[in-house]
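K.L.:
could you look at this predicted model? Sequence included:
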Amino acid sequence: MEKFTFIDLFAGIGGFHLAMHQLGGRCVFASEVDAFARKTYEHNFKNISPALFEEKMFNDDIRKVAPSDLPDFDVLCAGFPCQPFSQAGHKRGFNDTHKSERGNLFFNIVDIIEAKQPKAFFLENVRGIVNHDNGNTFKVIRQILEDELGYSFHHKIVKASDYGLPQLRPRTFMIGFKDEGVLSNFTWPAHKPLRFTMSDVWKGKCTRDIGFTLRVGGRGSNINDRRNWDSYLVDGEVKKIMPVQARKMQGFPDTFEFPVPATQAMKQLGNSVAIDAVRECGLALIEHMENINKKEEVKVVRTKNKGEWTEIYTFLKLLRERYIALADKNLVEKKAGFEVKKVSTLNIKEECFIEDNFKVRVKEAEGDSAKVIDISELLSPMVLQAIANSIRTGKGTFEIPECNIIQDSLGISIVKGGNSNQKADILLDIEDQNMSACDEGFGIKSYLGSKPTLLNASGNTNFVYEIKGLDPKYIDEVNAISSSHKLKDRIKRIFELGGELVFSHLESESMQYNLSVLDNLLPELVSKMLLEFYVRRQSKVNKNLALVAAQYSSLGTDLNALEIKIKRLLVAILLGFFAGKKWDGRFTANGTIVVKEDGSQVAFHVVDLHELESYLYENIAFDTPSTTRHRFGSVIIENDNRVYFKLNMQLRF
């Protein structure tokens, strides 16, 4: 009986799949890029998990995946590429851009966890990852999973022989949970005795009970070589490991078949995980996850970040002021605006109807009962200003007692909830002399903290350029540039070495589609603007476009025509599409509320589209996100030996 669902990333031949299936899990998505490994995977799992193949949930290149398109799942399993951190590899770590960016594919895992919010993750890599780059690599991994994504993090160096298999194979296991809270007492399972020895593997008397760590390639070393791993003395005779022995050492059943040449089978087994070790630690993971799910008392989370508090602040301020003014491109209030009649959120648990004399009628979604509350003192201007000040000075996640008291007094829980593929943060019933609208969606952008973003960086916003004319021997030289302006200097060095950056495509098919839906010229146009930003550092969108426009003048396209395209793009990003999902052309919000530095609020709405376009066009700038986190800014050599360079688009107010 199915107990949980999981996905299997960097799946190899399915070691994680087999172990988690034995624990009652159902695999709903898998990804493996190697063609030979894919053949072995499908051969052995087409009957165990038929839906995986029937529903085309067996992916090849993880970089092609839009995380939001994945099915929901409980546990993310991933033995991400180990060569960048391995003693046997070049140890380039996150900077290994050879063989299709194998070094930074960990960040694809991060994107998926961030988008899908699974209950737990189970990661595996070589022992050396803990100390790689003086521990900095592991520090980054832990900080992202704990601080950025909010998961707990437990790790241990596990040997296959710790859990019954006659092989050393030390590996770093990393396990973490969402909402672990006070149940942070995850314990690794106790060691198990060997199920069998190397004599059982060989079916003869072997001089070793526990074998060496299986490796990828390198077969044929002398038995007395200190680097020997595949030669054993059995019944007085030197024997070399073959797939039948390697399969048993890794814990695969005798029925597991390899429809590939023996050399590929050995490579696949050398890359695989030890089944018994994954299964025992996976069992501990599942039991702990179930305990978290069963906890009776749900701790009320009183701490929130600036964005979450700002949504609550906007909600409360609208209840008090009952009006929102429209703004011009400089955020100055215009005479026009909307009376606010009702405030609610996307989860539609409660609706707050605004009545006369600072009365609010709170109606719950379930049932017809309602209560009327006087908010004149509860939401006084002084209280609201205090909340705004707390948001402005707060750091990380923090508590605002005034907000908690107000929410408790109103008897509501103000959370965004609802569909994550929504641009709206709040729903309003509004009217003016020309229109009336119910449940009108508005996004919220706040200047109470750092400048708000229009488009957040992700793998979906990477633009890919093919480098023409660059000898691959210079890859490491270019990537080694680590100056304070390394992106600019790397591009400059590419040019000096005779290379040319030619826009190829967007990394995300969804983002490519969305730009092309708006205008076929946009992918190329934005790619030129990005180059302009990273090379000449012209960040303001309007000034950047003016520089790029000269490249189109010979084609008969002037600045005004290009300006229209970019304005439409900015509005579509604000109100319409997400980079990781194909857009249907509709807006999911019709306006945006801007919270200014002093706590006052103004709005833009599609009824005054020209002003909104002007505000965005004159106030949006390109920004530089983390090159490591978002996998860009390095020369990449793909498996077809073509050389590429990626630039990321992040837009900030």
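P.N.:
Received the coordinates, thanks. Given the structure is predicted, the values throughout are model-derived calculations rather than measurements.

K.L.:
pLDDT below threshold where in the stretch 201-350 of the chain?
P.N.:
Applying pLDDT under 70 to the stretch 201-350 of the chain picks out residues 217-220, 295-301, 347-350.

K.L.:
same question, the stretch 551-653 of the chain
P.N.:
Under the criterion pLDDT under 70, the flagged ranges of the stretch 551-653 of the chain are 553-556.

K.L.:
which residue ranges of it form strands?
P.N.:
Counting by DSSP state E, counting those that start in this stretch, the stretch 551-653 of the chain has these strands, from start to end: 591-595, 601-605, 621-623, 635-637, 643-648, 650-652.

K.L.:
name the helices or strands packed onto the last one?
P.N.:
Using 3 or more Cβ pairs under 8 Å, 6 or more residues apart in numbering; DSSP states H and E as the contact criterion, the secondary-structure elements in contact with strand 650-652 are strand 453-455, strand 621-623. C-beta coordinates here come from the backbone N, C-alpha and C atoms, glycine included.

K.L.:
may I see the buried residues of the first one?
P.N.:
Just to be clear, that refers to strand 453-455. Within strand 453-455, the residues scored as buried using 16 or more other Cβ atoms under 10 Å are Leu454, Leu455.

K.L.:
what is the subsequent helix or strand relative to that strand?
P.N.:
strand 462-468 (DSSP states H and E).

K.L.:
give me the sheet partners of that following strand and which way each runs.
P.N.:
strand 500-506 (antiparallel), strand 643-648 (antiparallel) (DSSP bridges).

K.L.:
how about the helices and strands packed on strand 650-652 in JSON lines, adding distance to Arg195?
P.N.:
Written out in JSON lines, the entries for those read as follows (distance: least, Cβ to Cβ, whole Å):
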{"stretch": "strand 453-455", "distance to Arg195": "53"}
{"stretch": "strand 621-623", "distance to Arg195": "55"}
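
K.L.:
to Cys352, which of the ones you listed lies closest?
P.N.:
Cys352 lies closest to strand 453-455 among the helices and strands packed on strand 650-652, at 28.5 Å (Cβ to Cβ).

K.L.:
about what we covered before: closest one to Ser436 among the helices and strands packed on strand 650-652?
P.N.:
Nearest to Ser436, of the helices and strands packed on strand 650-652 and by Cβ to Cβ, is strand 453-455 at 29.1 Å.

K.L.:
which helix or strand contains the spatially most central residue of the chain?
P.N.:
Against the mean C-alpha coordinate of the chain, by Cα atoms, centre = their mean, the closest residue is Asp111 at 1.3 Å. In this structure, Asp111 sits in helix 106-116 according to DSSP H and E.

K.L.:
which among the strands of the stretch 551-653 of the chain is found nearest to Val372?
P.N.:
When the strands of the stretch 551-653 of the chain are ranked by distance to Val372, counting by Cβ to Cβ, first place goes to strand 601-605 at 24.8 Å.

K.L.:
what sits up against that closest one?
P.N.:
Strand 601-605 is touched from outside by 314, 317-318, 321, 324-327, 331, 333, 337-338, 442, 590-596, 611-612, 615, with contacts defined as Cβ atoms under 8 Å, 6 or more residues apart in numbering.

K.L.:
neighbours of Phe587, how many?
P.N.:
The local packing of Phe587 (other Cβ atoms under 10 Å) involves 17 other residues.

K.L.:
who's in contact with the closest residue to it other than its chain neighbours?
P.N.:
Here the nearest residue to Phe587 in space, its sequence neighbours aside, is Leu575; by Cβ to Cβ, 6 or more residues apart in numbering that works out to 4.2 Å. With contacts defined as Cβ under 8 Å, 6+ apart, the neighbours of Leu575 are Lys423, Gly443, Phe587, Thr588, Ala589, Asn590, Gly591, Thr592, Val606.

K.L.:
where's Leu285 relative to Ile444, distance?
P.N.:
Relative to Ile444, Leu285 is positioned 37 Å away (Cβ to Cβ, to the nearest Å).

K.L.:
I misspoke; the intended subject was Leu269.
P.N.:
Distance of Leu269 to Ile444, computed by Cβ to Cβ: 53 Å.

K.L.:
in terms of neighbours, single out the busier of these two.
P.N.:
Taking Leu269 and Ile444 together and counting by other Cβ under 10 Å, Leu269 has the greater number of neighbours (26 against 22).

K.L.:
ok, that one touching Leu214?
P.N.:
Yes: judged on Cβ atoms under 8 Å, Leu269 makes contact with Leu214 at a distance of 6.0 Å.

K.L.:
what do those two both touch?
P.N.:
The overlap between the contact sets of Leu269 and Leu214 (Cβ under 8 Å, 6+ apart) consists of Ala246, Gln250.

K.L.:
picking that back up, out of the strands of the stretch 551-653 of the chain, flag the one nearest Met242.
P.N.:
Between Met242 and the strands of the stretch 551-653 of the chain, the shortest separation by Cβ to Cβ is 33.2 Å, and it involves strand 635-637.

K.L.:
what helices and strands are in contact with that closest one?
P.N.:
helix 98-101, helix 475-479, strand 643-648.

K.L.:
can you list those in a markdown table and add distance to Glu524 and mean neighbour count?
P.N.:
Rendered in a markdown table, the data for the helices and strands packed on strand 635-637 read as follows (distance: least, Cβ to Cβ, whole Å; neighbours: other Cβ atoms under 10 Å):
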| stretch | distance to Glu524 | mean neighbour count |
| --- | --- | --- |
| helix 98-101 | 23 | 20 |
| helix 475-479 | 24 | 18 |
| strand 643-648 | 13 | 24 |
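
K.L.:
rebuild the ones you listed as CSV, extending it with distance to Leu194.
P.N.:
Output for the helices and strands packed on strand 635-637, formatted as CSV (distance: least, Cβ to Cβ, whole Å):
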stretch, distance to Leu194
helix 98-101, 36
helix 475-479, 44
strand 643-648, 47
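
K.L.:
could you measure the residue nearest to Phe587 against Leu506, distance?
P.N.:
21 Å.

K.L.:
return the residues in contact with Ala51.
P.N.:
Remark: with contacts taken as Cβ under 8 Å, 6+ apart, Ala51 is in contact with Val28, Met57.

K.L.:
where does pLDDT dip in the stretch 351-500 of the chain?
P.N.:
Using pLDDT under 70, the flagged stretches of the stretch 351-500 of the chain are 364-368, 413-421.

K.L.:
what are the boundaries of the helices in it?
P.N.:
Secondary structure of the stretch 351-500 of the chain by DSSP state H, counting those that start in this stretch: the helices cover 381-393, 401-410, 475-479, 486-496.

K.L.:
which parts of the first one are buried?
P.N.:
Read that as helix 381-393. Of the residues in helix 381-393, those with enough neighbours to count as buried (16+ other Cβ under 10 Å) are Val383, Leu384, Ala386, Ile387, Ala388, Ser390, Ile391, Arg392.

K.L.:
can you check the last one too?
P.N.:
In terms of neighbour count (16+ other Cβ under 10 Å), helix 486-496 has its buried residues at Lys486, Leu487, Lys488, Arg490, Ile491, Arg493, Ile494.

K.L.:
that helix versus strand 462-468: what angle between them?
P.N.:
Here helix 486-496 runs at 20 degrees with respect to strand 462-468, directions being taken by axes from the mean of the first three to the mean of the last three Cα atoms, to 10 degrees.

K.L.:
and helix 486-496, what other elements does it pack with?
P.N.:
By contact count (3+ Cβ pairs under 8 Å, 6+ apart), the secondary structure elements abutting helix 486-496 are helix 475-479, helix 522-536, strand 643-648.

K.L.:
want to try TSV for the ones you listed, with distance to Leu145 as columns?
P.N.:
Output for these, formatted as TSV (distance: least, Cβ to Cβ, whole Å):
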stretch	distance to Leu145
helix 475-479	25
helix 522-536	29
strand 643-648	21
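
K.L.:
among the ones you listed, which is nearest Leu562?
P.N.:
Comparing those against Leu562 with Cβ to Cβ, the closest turns out to be helix 522-536 (6.6 Å).

K.L.:
pull the distance from the closest one to the chain's centre.
P.N.:
In this view, helix 522-536 has its centroid 24 Å away from the chain centroid, taken as Cα atoms, centre = their mean, to the nearest Å.

K.L.:
just the buried residues of it, please?
P.N.:
Along helix 522-536, these residues count as buried under the neighbour rule (16+ other Cβ under 10 Å): Leu522, Pro523, Leu525, Val526, Ser527, Lys528, Met529, Leu530, Leu531, Glu532, Phe533, Tyr534.
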